[in-house]
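K.L.:
Sequence and predicted structure, then a few things I'm wondering about:
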4 protein chains.
Amino acid sequence: MFFASDNSGPVHPEVLEALSEANMGYAMGYGADAQMEAVRQRLRDIFEAPEAAIYLVATGTAANSLALATLSEPFQTIFCSPVAHIHEDECNAPEFYTGGAKLTLVPGGDKMTPKALRQSIAGEETRGVHGPQRGPVSITQVTERGSVYSCDELTALCAVAKDYGLPVHLDGARFTNALVSLKCSPAEMTWKAGIDAVSFGGTKNGLMGVEAVIFFDPKHAWEFELRRKRGAHLFSKHRYLSAQMLAYLRNDLWLSSAQAANASAAFLAEGLRNAGATFQSDPEANMVFAALPRSTHKRLMAAGAVYHLWDGPLEGPDDAPVTARFVCDWSISREEITAFLNLL
Amino acid sequence: MFFASDNSGPVHPEVLEALSEANMGYAMGYGADAQMEAVRQRLRDIFEAPEAAIYLVATGTAANSLALATLSEPFQTIFCSPVAHIHEDECNAPEFYTGGAKLTLVPGGDKMTPKALRQSIAGEETRGVHGPQRGPVSITQVTERGSVYSCDELTALCAVAKDYGLPVHLDGARFTNALVSLKCSPAEMTWKAGIDAVSFGGTKNGLMGVEAVIFFDPKHAWEFELRRKRGAHLFSKHRYLSAQMLAYLRNDLWLSSAQAANASAAFLAEGLRNAGATFQSDPEANMVFAALPRSTHKRLMAAGAVYHLWDGPLEGPDDAPVTARFVCDWSISREEITAFLNLL
Amino acid sequence: MFFASDNSGPVHPEVLEALSEANMGYAMGYGADAQMEAVRQRLRDIFEAPEAAIYLVATGTAANSLALATLSEPFQTIFCSPVAHIHEDECNAPEFYTGGAKLTLVPGGDKMTPKALRQSIAGEETRGVHGPQRGPVSITQVTERGSVYSCDELTALCAVAKDYGLPVHLDGARFTNALVSLKCSPAEMTWKAGIDAVSFGGTKNGLMGVEAVIFFDPKHAWEFELRRKRGAHLFSKHRYLSAQMLAYLRNDLWLSSAQAANASAAFLAEGLRNAGATFQSDPEANMVFAALPRSTHKRLMAAGAVYHLWDGPLEGPDDAPVTARFVCDWSISREEITAFLNLL
Amino acid sequence: MFFASDNSGPVHPEVLEALSEANMGYAMGYGADAQMEAVRQRLRDIFEAPEAAIYLVATGTAANSLALATLSEPFQTIFCSPVAHIHEDECNAPEFYTGGAKLTLVPGGDKMTPKALRQSIAGEETRGVHGPQRGPVSITQVTERGSVYSCDELTALCAVAKDYGLPVHLDGARFTNALVSLKCSPAEMTWKAGIDAVSFGGTKNGLMGVEAVIFFDPKHAWEFELRRKRGAHLFSKHRYLSAQMLAYLRNDLWLSSAQAANASAAFLAEGLRNAGATFQSDPEANMVFAALPRSTHKRLMAAGAVYHLWDGPLEGPDDAPVTARFVCDWSISREEITAFLNLL
């Protein structure tokens, strides 16, 4: 009954197998391995982006911070949601990598609205050299509260950014969970909507620790490579990153893993709903945020369920509701979920 | 006939096996896994340092930069050899992580002498607030030219640093190759000599991508953890770093791998010497820097040997000598070396 | 009819005279001048703080950024009002000087409340290494909206900070305007309330460009000196900063100038009120934020009045109110204000 | 008998007078003052550079650091002399402002040679992403040892930089001392030789604290403005910087002051030579580096002469020579120098 995070689950066996296969003799290091060339071709095909510059790093924070640093200047501000991972969960890594850029929190919830984004951008308008300059917009897909922007919503946000000439970054730590939820193409969810750079997550969806960074316009490619090296995120034995990503993209493992995770979350949500839990918004990918009585929460914890409370006091009266976050990864079994639901 | 680098070789099978073993169910992320606790205990035992703070990162540059950033202030200068990896091969990562500290290059070769170090430190003496302040000393063991400092040499360098109250960092990307060469204990090669923090390499000695950072005095531990997270070097699926390091330390794999690499290098050096090559200094670990006629070099290259030229022009007359660097990793076979020597 | 800013006015003649007096022969540079010793003594007396470390810089942004960088770590967040100068008007200078610390905007208006501050600080509580760590609190006195915190209010805010062990910085760009408004002592408005470091402004109150930075506990003194030099804010001909500050503190020029500015603002506010303008809050120092019909604003502008609109669209219907900011400096004459009021 | 530094002398009376004249009523702040427009025109005329972007800051370190940060990227290295002010005397300010760029010290003395510069630049050639990338060249004119590059020498250095596509910065803290020594035009000493950006010093030549930064190609202008503000070097009461610079350029005060200083240094050098002192190189501007017996030095000090020893131990045998640096500013009188020489 482990719902704490999709980065606590195991690595998919096909990925481990690919590591073994890659473990033959010598290979050029630092991204010059043959597998990386294959990764590049595969992702360009998948994204219908033959010019895209594509890189691998090992953590989502590295992907986000390096992408944003490449798209911004230290005297700018980055527009994002108040609950964005880059703001809340990266211990100032974006500020570090950008050399001290600011993050402007667009008022609202996990999903930015075009109106709120426009107001935030416009609000940085009249200070000349005194305030920070407008920098990139960063959108999280799946959001940190489990919502999925539709392609139209993404397009509308990007349109606002484009009105001001600002680049757009997509934090896709759960990219594939969103993709299979929307049933659209990777191109539709990114550059066709106006996205310039993507953190394309793998770690939360069955890899050991690999994320791709994709720039649809390769003009920043060399700068990114230097920033990656300077950030100590260029791997000497790079083939083992490449091999993971290749296995991920082979046989549609990325898609089937995300589908499994999303289906598990839907099954869990249904069970929670039947047990009386309520949701702020309908679960759309592999995360469920459910309101439960604190007494129920205590009972579940005591029985060994593992998940996080969200947005609320750790202590409180038993009849007050708590919000619990349940995350399903690719590996969780129907039996485990059923066992948990039976506890309810 | 691949002698290009010890980070181009394969991962040791026992390490891959350990990854498979670790791949069971869920595990707490971000370093809270049970294997990490075992790593910590094992390294504390090995180093006879029960108080040591111990962390894992995935690249040597991360280990060095984060260790140095933790030991220094942005208005200081770090003392190192002119050929130190932190100066030549990290694309300003130490400057980035320290927030703009300087590197003072101690005149001389790959090995710093106590006299030159003292002069360099003393040279920063009389400028008050105008010049950079004295910061850590960073020593590379094995050096970038294949030499190994004796424990007495390390002690003498540390004594100079201590005279000025400066902390000492050891870049041990090839820590174990030095250790088995010296036949001393890890404690003797580090804290007993006066070293405060160690980058304890694994990647060049059979791991996929893991280095430990060890602080013998844990006072900086929390700061290091924050700097690691801020640098995007804290892995969510941390157990796969821990598992590698555990396998490395189990059954003395770290020692046997380094012994194999050093023995291969000695065998290669002997063959090179017999073929007329000369050495700047006797090979002491797993790297051989040999002077060859350029004509020989061309013949070797044409026959498929892979290694790097060092310190010289890429083009030149056939009878002028070139300096070639040959690195042996744990996996190279006696047959492969013999085949290469036969070419000579 | 110039009410645009108190940093657009002239330098007080006594200050210019002091510059002339200081212009004799040679003087040790970089803060080793005899006048600086006198400044130090005078400010220690004024603040009843015999141990205080005291430095001069030439801009308010330098004072704030260097003070905050000295009090914080790059992995922390600084708590301040959403309209704080350090957030809105310094083009990311605090982020630059701190090495990438974050600014957490305490919800509310120009004045932070203890409750909102406590909630903001508490909100950074449960993320361990993932979120930024709690750093200094920065309070602006006079606030950016012309309000003045009472000593009790300051004490209450500092008490919250102290509950969490956080240092408190006071951005006193208009320190003296607040002081004469409160009729308290400098010690009461600072360290007796719990303030640890002060940006003690002079530029907005008749100096050419000098601000003092005061640390009541001198433990950070040397670090500040190095950060100041590294920030390029240490003046070689430092005596001309010292001379300005000495003139400011001599004959109570600092107090009389602030009293004159505040009195002018009060006179202006009274006139505005009589003419029907309304205030969000009563003017307490030398700034007046008044709501006027846009038609009136247009008439005033056309007649040559100079001031800034605040928080509203630059264009709009004539009958909609605008908020105008009027700032009085030490030099504005009663005649000029009367001329302006007659226009109304 | 004060020869310690040209930044310890007084401000020229005409400059103080200009401050008084500027002290009338209100003026737009932050560089929007009318005097700044006049400064811009005047410097464009003097430099025959009608497109040049021109800014004022208050310290030489700010001018250098901001210029270099504008011309470089954080993953680059800046080429300069081992005795350059930016390396030795700015407490890592260039590293801070550039976000962690490195400084490569071109082997040799105070004057870089084209050959040594070319070797240094070429030496950064073969490391791809691993080493720092080649960045700007920074030349100091007058050098830190009192030498003056001829226009041909500058042209030759710039030609090397241009061969590699690198921009060139001139640290002209003593720009005018060099100019009047060379008897060339400002254009000849800068953009006609290939210089891209200049720190045009005023503080060491009679101003209170003003340096201009000049970019001959204005493409970086806006970035510089943002970096200046972010560095806290944009003055609100900017007119007092402008007024100083205007007075400096009016009536050729800049030229006559430098001529006076150089003439004093020549007079002093002649006297020193007659007294038996020797020079490493002939004094060419306003600094004299002379070798004296330590016994003589002690006698001079005892008699109240003020100057710095250079490159040598503070203590030593009486008959061993010391190297003393004597700097003459615009204000030193022939009588004072004569008094000093009489002591000898």
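P.N.:
Arrived safely, thanks for sending. Residues are numbered from 1 along each chain as shown, chains lettered A, B, ... in the order given.
K.L.:
Residue numbers of the stretch 51-200 of chain A in contact with chain B?
P.N.:
By CB under 8 Å from any CB of the partner chain, the residues of the stretch 51-200 of chain A that approach chain B are A:57-62, A:65-66, A:90-93, A:96-97. Quick note: C-beta positions are derived from backbone N, CA and C, even for glycine.
K.L.:
now check the helix or strand where A:Gln259 lies, is it near chain B?
P.N.:
Taking DSSP states H and E as the criterion, A:Gln259 maps to helix A:253-274. No. On the criterion CB under 8 Å from any CB, helix A:253-274 is out of touch with chain B, staying 13.7 Å away.
K.L.:
So for that helix, what gets flagged as buried?
P.N.:
A:253-254, A:257-262, A:264-269, A:271-272 (16 or more other CB atoms under 10 Å in any protein chain shown).
K.L.:
And for stretch A:226-239?
P.N.:
Neighbour count says stretch A:226-239 has A:226-239 buried, by 16+ other CB under 10 Å.
K.L.:
can you check stretch A:210-229 too?
P.N.:
Those would be A:210-216, A:220-221, A:223-229, for stretch A:210-229 by 16+ other CB under 10 Å.
K.L.:
how about that stretch, does it reach chain C?
P.N.:
No. Figure legend: stretch A:210-229 not in contact with chain C (CB under 8 Å from any CB); closest approach 14.6 Å.
K.L.:
packing partners for the helix holding A:Gln259?
P.N.:
Helix A:253-274 makes packing contacts with helix A:175-182, strand A:278-279, strand A:287-293, strand A:321-327, helix A:334-343 when contacts are defined by 3 or more CB pairs under 8 Å, 6 or more residues apart in numbering or on different chains; DSSP states H and E.
K.L.:
remind me which residues of the stretch 1-150 of chain A are low pLDDT?
P.N.:
A:125-126 (pLDDT under 70).
K.L.:
where along it do the helices fall?
P.N.:
A:13-22, A:34-46, A:60-71, A:85-88, A:93-98, A:114-123 (DSSP state H, counting those that start in this stretch).
K.L.:
Which residue comes closest to A:Ile214 once chain neighbours are left out?
P.N.:
A:Val198 (4.5 Å; CB to CB, 6 or more residues apart in numbering or on different chains).
K.L.:
so what's the one you found bridging to?
P.N.:
A:Leu170, A:Ile214 (DSSP bridges).
K.L.:
What residues does A:Glu153 make contact with?
P.N.:
A:Lys111 (CB atoms under 8 Å, 6 or more residues apart in numbering or on different chains).
K.L.:
same thing but at 6 Å, please
P.N.:
By CB atoms under 6 Å, 6 or more residues apart in numbering or on different chains, the contact list for A:Glu153 is empty.
K.L.:
Go ahead and list the helix or strand containing it.
P.N.:
Using DSSP H and E, the element containing A:Glu153 is helix A:151-163.
K.L.:
Pull out the buried residues from that helix.
P.N.:
The neighbour-count check on helix A:151-163 (16+ other CB under 10 Å) flags A:153-158, A:160-161 as buried.
K.L.:
Next: stretch A:334-342.
P.N.:
A:336-337, A:340-341.
K.L.:
Of the helices of the stretch 1-150 of chain A, flag the one that's most buried.
P.N.:
Burial among the helices of the stretch 1-150 of chain A, expressed as mean neighbours by mean count of other CB atoms under 10 Å in any protein chain shown, is greatest for helix A:93-98, which shows a mean of 30.
K.L.:
Can I get it as PDB, trimmed to CA atoms?
P.N.:
Written as PDB, here are the backbone C-alpha positions of helix A:93-98 (Å, rounded to 0.1, in the frame of the first residue of the first chain):
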ATOM      1  CA  ALA A  93      18.100  25.300  -7.800                       C
ATOM      2  CA  PRO A  94      16.500  27.600 -10.500                       C
ATOM      3  CA  GLU A  95      17.800  30.700  -8.700                       C
ATOM      4  CA  PHE A  96      21.200  29.000  -8.500                       C
ATOM      5  CA  TYR A  97      21.400  27.900 -12.100                       C
ATOM      6  CA  THR A  98      20.000  31.100 -13.600                       C
END
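K.L.:
Run the chain-centre distance for that helix.
P.N.:
Computed by CA atoms, centre = their mean, to the nearest Å, the chain-centroid distance of helix A:93-98 equals 18 Å.
K.L.:
Who are the packing partners of it?
P.N.:
The helices and strands touching helix A:93-98, judged by 3 or more CB pairs under 6 Å, 6 or more residues apart in numbering or on different chains; DSSP states H and E, are helix A:60-71.
K.L.:
one more time with 8 Å
P.N.:
helix A:60-71, strand A:76-80, helix A:85-88, strand A:102-105, helix B:221-230.
K.L.:
and of those, who's closest to A:Pro317?
P.N.:
helix A:85-88 (27.1 Å; CB to CB).
K.L.:
Report whether stretch A:110-120 contacts chain C.
P.N.:
No. Stretch A:110-120 lies out of reach of chain C by CB under 8 Å from any CB, never closer than 11.9 Å.
K.L.:
same thing with stretch A:71-79?
P.N.:
Yes. With CB under 8 Å from any CB as the measure, stretch A:71-79 is seen reaching chain C through A:74-77.
K.L.:
Which members of the residues you listed additionally contact chain D?
P.N.:
Filtering these for proximity to chain D by CB under 8 Å from any CB leaves A:74-75.
K.L.:
one step back: most tightly surrounded among the helices and strands packed on helix A:253-274?
P.N.:
helix A:175-182 comes out most buried of these by mean count of other CB under 10 Å, with a mean of 25.
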